[in-house]
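Trainee: sequence and predicted model, in that order:
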Amino acid sequence: MTVSVMAPDRTLMAVGLTLIYAAMVGFSDNYVQAVAGTTGLWQFHATRSCLALLMMGLVAPFLGLRLRPRNVKAVAARALLQGIAIMIYFGALAFMPVAVAAAGLFTAPIFVLLISRLVYGERIGPVRLVAVAMGFLGVVLVLGPRALAGAGLIGLVPALAGAVYAMANIATRRWCAEESASTLLAGFFVSLGLLGLAGLTVLAIWPQAVPEGSDGFLLRGAVWPDGEYLSWMLLHASFSAIGVGLCTRAYLLADAGRVSVVEYMVLPTSALWGWAIWGERLGALAWIGIVLIILAGTIIALRARDQER
């Protein structure tokens, strides 16, 4: 596989794009529960991917988007890593609380630094180490320390998702620096769509007993979509396509370790949207965690500005 020459680092712009991504994805993800009671995970990803790819195909000629990859193998490998990470995370939800799974997934920045140091020999400064530690502590406080108690070996499953997600983040800049954000975004949705279709095929061949409501989200096979479902999926696909596209662009612009720390903002924005939409309230520890997450992102941004002067 050919390794691309990395473009100049533009961390401040990457931070801004990642913050917009966090706000958009935090909003759309809060509406997953609106369809979780009537559809399944696999159909959700297959439908969302099809709609997102259709929208990208329609607007590509007018916006000048390049969807064809320059390096097919690199884009496919990166898309597969990202798709597998997301599926491992959602799969973990079948046998553990969401809080435990989310905490495992958000170990990705730590894995980014470890991989960058051990595999690529990059120097890790004390500021980045402190920022990552601060961000992860904030995640624990937002989710609640009790949520992590007793995770044990099962907790390694979402941590595996975090490790794979970290590899995808590193691959974005190291393997795919010459690719456009739209190309990588299309690859991401193709990967998730194919994984969703694979899951639907398996459930069609080996159907499972499906619990009622949202409890059956992971085991539910294909169901006939109605207008309300398609409306929710169109909203989710639109926000996901734009938001993930911005985040992908951010990983092309700046070091993966820095961007991944700012990506912690998905948690507080999700919590804020949950309060605004569903009336869910956070405790004092959770708000302290949000402050730590914001502080971690601010440290990275200010440090980057000093280095770019």
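Mentor: Received it, and whenever you're ready, just let me know what you need.
Trainee: can we go C-alpha only for contacts and neighbour counts from here?
Mentor: Will do.
Trainee: check the gap between residue 188 and residue 291 for me.
Mentor: Separation of residue 188 from residue 291 (Cα to Cα, to the nearest Å): 31 Å.
Trainee: of those two, which one has the most company?
Mentor: residue 188 (25 against 16; other Cα atoms under 10 Å).
Trainee: which ones are touching that one?
Mentor: 79-80, 82-83 (Cα atoms under 8 Å, 6 or more residues apart in numbering).
Trainee: that one: helix or strand, and which one exactly?
Mentor: Residue 188 belongs to helix 181-205 when assigned by DSSP states H and E.
Trainee: okay, and for the stretch 201-309 of the chain, where does confidence drop off?
Mentor: 300-309 (pLDDT under 70).
Trainee: what about the helices in the stretch 101-250 of the chain?
Mentor: 108-118, 126-143, 145-148, 156-174, 181-205, 227-253 (DSSP state H, counting those that start in this stretch).
Trainee: run the chain-centre distance for the helix holding residue 188.
Mentor: Centroid separation for helix 181-205 versus its chain: 15 Å, with Cα atoms, centre = their mean, to the nearest Å.
Trainee: and it, what's buried?
Mentor: 181-197, 199-200, 203 (16 or more other Cα atoms under 10 Å).
Trainee: name the nearest residue to the most centrally placed residue in the chain, ignoring sequence neighbours.
Mentor: Among the residues of the chain, the one closest to the centroid is residue 86, at 7.0 Å (Cα atoms, centre = their mean). Nearest non-adjacent residue to residue 86, counting by Cα to Cα, 6 or more residues apart in numbering: residue 161, 6.9 Å away.
Trainee: distance of the one you found relative to residue 25?
Mentor: 18 Å.
Trainee: same question for residue 184.
Mentor: In terms of Cα to Cα, residue 184 sits 17 Å off from residue 25.
Trainee: what angle do helix 126-143 and the host helix or strand of residue 270 make with each other?
Mentor: Under the criterion of DSSP H and E, residue 270 resides in helix 266-278. Relative orientation of helix 266-278 versus helix 126-143 (axes from the mean of the first three to the mean of the last three Cα atoms, to 10 degrees): 30 degrees.
Trainee: check which residues of helix 266-278 are buried.
Mentor: Quick answer for helix 266-278 (16+ other Cα under 10 Å): 266-274.
Trainee: which one of these is nearest residue 246?
Mentor: residue 266 (13.4 Å; Cα to Cα).
Trainee: ok, and the closest non-adjacent residue to the closest one?
Mentor: residue 22 (4.5 Å).
Trainee: residues making contact with the helix holding residue 270?
Mentor: Contacts of helix 266-278 (Cα under 8 Å, 6+ apart): 22-23, 25-27, 29-30, 139, 142, 280-282, 290, 293.
Trainee: let's see it at 6 Å
Mentor: 22-23, 26-27, 280-281, 290 (Cα atoms under 6 Å, 6 or more residues apart in numbering).
Trainee: tell me which of these is nearest to residue 214?
Mentor: residue 280 (18.1 Å).
Trainee: OK, contacts around the closest one?
Mentor: Applying Cα under 6 Å, 6+ apart, the residues contacting residue 280 are residue 274.
Trainee: now with 10 Å, please.
Mentor: For residue 280, the contacting residues are 271-274, by Cα atoms under 10 Å, 6 or more residues apart in numbering.
Trainee: and residue 49, by the same measure?
Mentor: 43, 55, 186, 188-194, 196, 233, 237, 240-241 are the contacts of residue 49 under Cα under 10 Å, 6+ apart.
Trainee: now it: which helix or strand?
Mentor: helix 41-63.
Trainee: using PDB, write out every CA atom in that helix.
Mentor: Extracted C-alpha coordinates of helix 41-63, given in PDB (Å, rounded to 0.1, in the frame of the first residue of the first chain):
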ATOM      1  CA  LEU A  41     -29.300  -1.900  13.800                       C
ATOM      2  CA  TRP A  42     -28.400  -3.500  10.500                       C
ATOM      3  CA  GLN A  43     -31.300  -2.000   8.600                       C
ATOM      4  CA  PHE A  44     -30.600   1.300  10.300                       C
ATOM      5  CA  HIS A  45     -27.000   1.400   8.900                       C
ATOM      6  CA  ALA A  46     -28.000   0.000   5.500                       C
ATOM      7  CA  THR A  47     -30.800   2.600   5.100                       C
ATOM      8  CA  ARG A  48     -28.800   5.500   6.400                       C
ATOM      9  CA  SER A  49     -25.800   4.600   4.100                       C
ATOM     10  CA  CYS A  50     -28.000   4.300   1.000                       C
ATOM     11  CA  LEU A  51     -29.600   7.700   1.700                       C
ATOM     12  CA  ALA A  52     -26.300   9.400   2.400                       C
ATOM     13  CA  LEU A  53     -24.700   7.900  -0.700                       C
ATOM     14  CA  LEU A  54     -27.700   8.900  -2.800                       C
ATOM     15  CA  MET A  55     -27.500  12.500  -1.500                       C
ATOM     16  CA  MET A  56     -23.800  12.700  -2.100                       C
ATOM     17  CA  GLY A  57     -24.200  11.400  -5.700                       C
ATOM     18  CA  LEU A  58     -26.900  14.000  -6.400                       C
ATOM     19  CA  VAL A  59     -24.900  17.000  -5.100                       C
ATOM     20  CA  ALA A  60     -21.400  15.900  -6.200                       C
ATOM     21  CA  PRO A  61     -21.700  17.300  -9.800                       C
ATOM     22  CA  PHE A  62     -22.900  20.700  -8.500                       C
ATOM     23  CA  LEU A  63     -20.400  21.000  -5.600                       C
END
